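Student: Could you work out the structure for the sequence below:
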Amino acid sequence: MRLNKCVFLDRDGVLNRERGEYTFKIEDFEIISGVDEALKLLKKAGYLLIVITNQAGIAKRIYEEEEVLNCHAYLQAETGDLIDDLYFCPHHPITTQSLLRKPDSLMLEKAIAKWGVDTRNSFMIGDSLRDFKAAEKVGVSGILVGDKEKDKNLTAPIAKNLLDAVNQFILV
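Tutor: Prediction:
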């Protein structure tokens, strides 16, 4: 079986603007500038694109799974249906412990198995240390975007945003 290279993408803070509160309504789902271009560049380079996102608001009963799927459908429509799959963890430690929830790696493991991903030639782009830790657990290179983790002593590559990460660390 031929293995596929993949870019795993966290959602909030990477694909859409991090609002500091849960984003589950389409009217609040603001796609970050450059995301469309970055996804096109990655697709053209032969990467699978898979979203890996914690959605604890479901466990907290703030919103429903359907609202996550609606936001994903909106993201797909706005970016030319380039994303191959979406995995989300509806759990939160206040209600349920789960190995799906990042920094654990079960969402990544499921995607790797389903899509035949070559972990050595794949990346996880996130805005949080938990994204980087989940990637490490499965042997995928992690890249952090934004400044959420800027004050910590990290060995992770850091980029301004998704497009910067793609140009600076993936398509070089």
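Student: Which strand or helix spans the spatially closest residue to I158 that is not a sequence neighbour?
Tutor: Excluding the flanking residues, the one nearest I158 by C-beta to C-beta, 6 or more residues apart in numbering is L144, at 4.8 Å. C-beta coordinates here come from the backbone N, C-alpha and C atoms, glycine included. L144 is part of strand 141-145 when elements are defined by DSSP states H and E.
Student: Can you list the strands that that strand pairs with?
Tutor: Paired strands of strand 141-145, with direction, are strand 123-126 (parallel), strand 158-159 (parallel) (DSSP bridges).
Student: Distance from the first one to the middle of the chain?
Tutor: The reference is to strand 123-126. Distance of strand 123-126 from its chain centroid, counting by C-alpha atoms, centre = their mean, to the nearest Å, is 6 Å.
Student: Could you do the shortest one as well?
Tutor: Distance, stretch centre to chain centre, for strand 158-159: 15 Å (C-alpha atoms, centre = their mean).
Student: who touches it?
Tutor: The contact list for strand 158-159 (C-beta atoms under 8 Å, 6 or more residues apart in numbering) reads I143, L144, V145, E149, K150, A165, Q168, F169.
Student: Distance of the residue nearest to I158 relative to Q55?
Tutor: L144 is 20 Å from Q55, where distance means C-beta to C-beta, to the nearest Å.
Student: mind checking pLDDT for D151?
Tutor: Looking at D151, its pLDDT is 64.
Student: Equivalent analysis for R2, please.
Tutor: In this model, R2 is scored at 78, pLDDT.
Student: before we move on, the earlier item: next, count neighbours for the residue nearest to I158.
Tutor: L144 is flanked by 26 other residues according to other C-beta atoms under 10 Å.
Student: mind listing what it touches?
Tutor: Applying C-beta under 8 Å, 6+ apart, we find L144 in contact with I125, G126, D127, S128, L129, D131, F132, L154, A156, P157, I158, A159.
Student: Okay then, goodbye and thanks.
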